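A.B. asks: Task: produce atomic coordinates for the following.
(one chain, ligands or ions: 2)
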Amino acid sequence: MQTIIEKAVGLDEDSEWLRTASKILRAGGLVAFPTETVYGLGGDALNPLASEKIYAAKGRPSDNPLIVHIADMDALYGIVRDVPEKARLLAEAFWPGPLTMIFEKNDKVPLQTTGGLESVAVRMPSHEVARALIRCSTGYIAAPSANTSGRPSPTKADHVVDDLNGRIEMIIDGGEVGIGLESTIVDFTEDIPTILRPGYITQEMLASVIGEVRMDRGLIEESSGIHPKAPGMKYKHYAPKADLVIVEGEPEAVTTYINAQAAFLREKGESCGVIAADETVCLYQAEQVLSIGSRADEESIARHLYDVLRRFDDLAVKKIYSESFCTPVMGQAIMNRLLKAAGHQVIQV
Ligand code: AMP
Ligand code: MG
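C.D. replies: Ligands and ions are numbered 1, 2, ... in the order given. Next up is the predicted model:
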C-alpha cells in the first residue's frame, strides 16, 4: 500500500490534509496523527473492521485494548454506561489533555476496540491536529501509539514512517510532540480510582482534585509477577535492539562504573552506548554517548526518551548503560518506561 505522508498545514475543515484524512477514516482506513503525548495510529473506534486493521498494522496482541479519542464531553456520554462524579471532576480539570479514563462501555463500542473487555478507555487530547481530525471524522478515533508493537512509541512523524510506511493509508506530520510519554490511565471501574499507567498527570495532581487515588499493585510490583490490570502493561515494550541496563547510585559512582564497563567492552572489541543527562554527558568515555535532556528540565527528559532509544537502533552498539532519572514530578512515568525498555535490568553501584 502507498502511504500518503502530509504535513498538517491549516486547521479549517477545507485543509487538504484534513479532508484526505477524514475521508480515509470514514471509509474504515488508518491514519497516524500527532497528539500532545505521542503519535497515535487512528481508526474509526466504532467500526470493528477498522480496529482489527489497527491490531494487524502494529502486530499488537488482540487482547490489548485501544484508547478511544474524543473531542467533547457529549461524545463521552455516547459510549459509556455511566460517568462517575469523580471522573467528571477529572475531565473538568485535565481534559483536553494527557489523561485517559476507563469506564463501563455501552453497546456502541465494539469488542474489537476494547480487546474483548466490557470497559472502554477514553481520552480527550489537546493537540489541535488530533482535535480537528476527531471532529471532522466520526467523532471517535481508536488510537494506540503508532509504533510496531514492542518498539519505543513515536514522538516524530519520522518514527512512524520507520515503523508503518506501506502498512497504513496516511501519516500526518505535525512535528515533534510536546510531552513524549503516553497518557496517565485512571480506571473508574474499581471502587477507588486506580492508576494503571503513570504519565504527565501525576498521582498528586489527581488526588488534589478527587482525593484518594490508588496505584495498581501490578505497577508497583511489576517485577514481582503480579499482572498489571492494563493488559498492555504486561508486554515487553519500548525496547531498543541493544541490551539496556540502568545504573543507579551516587552520580560519581555511576559514571565510574559505566566508564569501566565501556573500557572492558572496548577491549573485547564491542562498542557501548550511554544514556546520560546534559549535565553529565561530557563525563563518559564510550563509543556512543547520547544526552536525553536536562535534569533541570525534567520534561525535556520525558520528551527525548523514545527518540534516544530509537537512535540507538541505528548505532551499532551491543550494550547500552543508562543513568537513572527519578526526577521529582515525572520520574515515576519516565522510570516506568525506562525500566520496561531495560527489561528491569538495574545495577546498584
Ligand atoms: P497505547 O494506546 O499503545 O498507549 O496503550 C493503551 C494502554 O491502555 C494499554 O496498556 C492498554 O492495555 C490500556 N487499556 C486500554 N483500554 C483498557 C481497558 N478497557 N482496561 C484496562 N486497560 C486498558
Ligand atoms: Mg503503545
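A.B. asks: State which one residue of this protein is found closest to ligand 1.
C.D. replies: The chain approaches ligand 1 most closely through residue 232 (2.3 Å), counting by Cβ to the nearest ligand atom. C-beta: built from backbone N, CA, C; applies to glycine.
A.B. asks: Based on its surroundings, how many neighbours for the closest residue to that residue other than its chain neighbours?
C.D. replies: If the residues on either side of it in the chain are set aside, residue 232 comes closest to residue 64, at 4.5 Å by Cβ to Cβ, 6 or more residues apart in numbering. Residues within reach of residue 64, counting by other Cβ atoms under 10 Å, total 17.
A.B. asks: So residue 64 is in contact with residue 228, correct?
C.D. replies: No: contact criterion Cβ atoms under 8 Å: residue 64 and residue 228 do not qualify, at 11.6 Å.
A.B. asks: ok, back up a step: any idea how far the residue of the chain closest to ligand 1 is from residue 103?
C.D. replies: 17 Å (Cβ to Cβ, to the nearest Å).
A.B. asks: can you list contacts of stretch 201-209?
C.D. replies: 89-90, 93-94, 97-99, 183-184, 186, 193, 195, 213, 215, 329-330, 332-333 (Cβ atoms under 8 Å, 6 or more residues apart in numbering).
A.B. asks: With just CA atoms, put that stretch into PDB.
C.D. replies: Extracted in PDB, the C-alpha atoms of stretch 201-209 (Å, rounded to 0.1, in the frame of the first residue of the first chain):
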ATOM      1  CA  ILE A 201      -0.700  13.900  35.100                       C
ATOM      2  CA  THR A 202       0.700  12.600  38.400                       C
ATOM      3  CA  GLN A 203      -1.000  10.800  41.400                       C
ATOM      4  CA  GLU A 204      -0.600  14.000  43.400                       C
ATOM      5  CA  MET A 205      -2.300  16.100  40.700                       C
ATOM      6  CA  LEU A 206      -5.200  13.600  40.500                       C
ATOM      7  CA  ALA A 207      -5.500  13.400  44.300                       C
ATOM      8  CA  SER A 208      -5.700  17.200  44.600                       C
ATOM      9  CA  VAL A 209      -8.900  17.100  42.600                       C
END
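A.B. asks: Report the buried residues of it.
C.D. replies: Buried residues in stretch 201-209, counted by 16 or more other Cβ atoms under 10 Å: 201, 202, 205, 206.
A.B. asks: Kindly report the same for stretch 234-242.
C.D. replies: Buried, per 16+ other Cβ under 10 Å, within stretch 234-242: 234, 237, 238, 239, 240, 241, 242.
A.B. asks: again with stretch 66-83
C.D. replies: 66, 67, 68, 69, 70, 71, 75, 76, 79, 80, 83.
A.B. asks: Next up, the contacts around the residue nearest to the fourth one when sequence neighbours are not counted.
C.D. replies: If I follow you right, that is residue 69. Counting by Cβ to Cβ, 6+ apart, residue 69 lies nearest to residue 141, which is 4.5 Å off, once chain neighbours are set aside. For residue 141, the contacting residues are 25, 40, 42, 43, 44, 45, 68, 69, 130, 133, 134, by Cβ under 8 Å, 6+ apart.
A.B. asks: Residue 296 now?
C.D. replies: Contact analysis of residue 296 by Cβ under 8 Å, 6+ apart lists residue 279.
A.B. asks: which regions of the chain lie under the pLDDT threshold?
C.D. replies: For the chain, the stretches with pLDDT under 70 are 221-225, 235-236.
A.B. asks: residue nearest the centroid of the protein?
C.D. replies: Geometric centre of the chain, nearest residue: residue 182, 3.0 Å, by Cα atoms, centre = their mean.
A.B. asks: quick one: that residue is in a strand?
C.D. replies: No: going by DSSP: H, G, I helix; E, B strand; the rest coil, the assignment for residue 182 is coil, not a strand.
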